[in-house]
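Trainee: Need coordinates for the following:
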Amino acid sequence: FINTFIIFAAKLRIIFEKTMKIAALLLRCSTDAQDYERQKLDLIDATKRLGYSTSDELIFGQHITGKDNVRKKDRESIALCKKAVLDNRIDAIFINEVSRLSRDSIAGRLFIREFNHEYKIPIYFRDLGKWTIDPETKIVDLSFQTMLGFYFDMAENELKSIKTRLASGKRRNAREGKTI
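Mentor: Just a heads-up that it's a prediction; the model follows:
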C-alpha cells in the first residue's frame, strides 16, 4: 500500500508541476537606497496568490534608471526577460508598479505593445492588481493598455520633477556653501 501511495504521489506531483504556471519577475531600482528585496518578495507573494511559481533564474532585475532609450537597446533585465519569453520558459510577467517597467512614456508603451501583441504574454502590475492580457482567455485588455500609457506619462513627469527638485537643492546648497 505504501509503495502504491508513493507512486501515486509522485505522479500527482509531476502532473501538478506540468500544470503550474511559471512567472518571471521584472524588477528595477534606480538607486541602491531603494528596496530591491522588498519588490522581489512582494512579487513572489503575488505570484503564489495567483497560482504561479518562479525561480531565481526567472527574476530579472537591476539597479538602473527607468529612463529607457529604446532607440539604443533594451536594458539587460528586459532583454533577458524577452529571451525567456521567446524560449517559452514563462507564462506571465509580474511587475511591482508601472514605473518599475519604465519612466519613459514612449519606451513603456512600446514594451507593453510588444509583450501584448508580438509575444502575447500577460503582464501583471501588482500595484494596480491588473493584467495586460487575461491569463485564461488570452484577450488583451485594450482599455488597460491605454490606461498604462497615462501611467507611463505620469512616471516620466515624476522623474522630471525629481530631477528639478534635486538640481534646485544642489544650487541652494552651493549658494549657502553647504556640501553633502
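Trainee: Just give me the longest strand of the chain.
Mentor: The residue-count maximum for a strand in the chain (DSSP state E) belongs to strand 21-29.
Trainee: So what sits opposite the residue positioned nearest the centre of the chain in the bridge?
Mentor: Residue closest to the mean C-alpha point of the chain, counted by C-alpha atoms, centre = their mean, is Ile95 at 2.6 Å. On the basis of DSSP bridges, Ile95 is bridged to Leu26, Phe125.
Trainee: what bits of the chain have low per-residue confidence?
Mentor: Where the chain drops to pLDDT under 70, the residues are 1, 9-19, 31-34, 64-73, 155-175, 179-180.
Trainee: Can you tell me, leaving aside adjacent residues, what's nearest to Tyr124?
Mentor: The shortest distance from Tyr124 to any non-neighbouring residue, by C-beta to C-beta, 6 or more residues apart in numbering, is to Phe94 (4.9 Å). (C-beta placed from N, C-alpha, C; glycine too.)
Trainee: In contact with that neighbour, which residues are there?
Mentor: Shown in contact with Phe94 (C-beta atoms under 8 Å, 6 or more residues apart in numbering): Ala23, Ala24, Leu25, Leu26, Leu43, Ala46, Thr47, Tyr52, Thr54, Ile123, Tyr124, Arg126.
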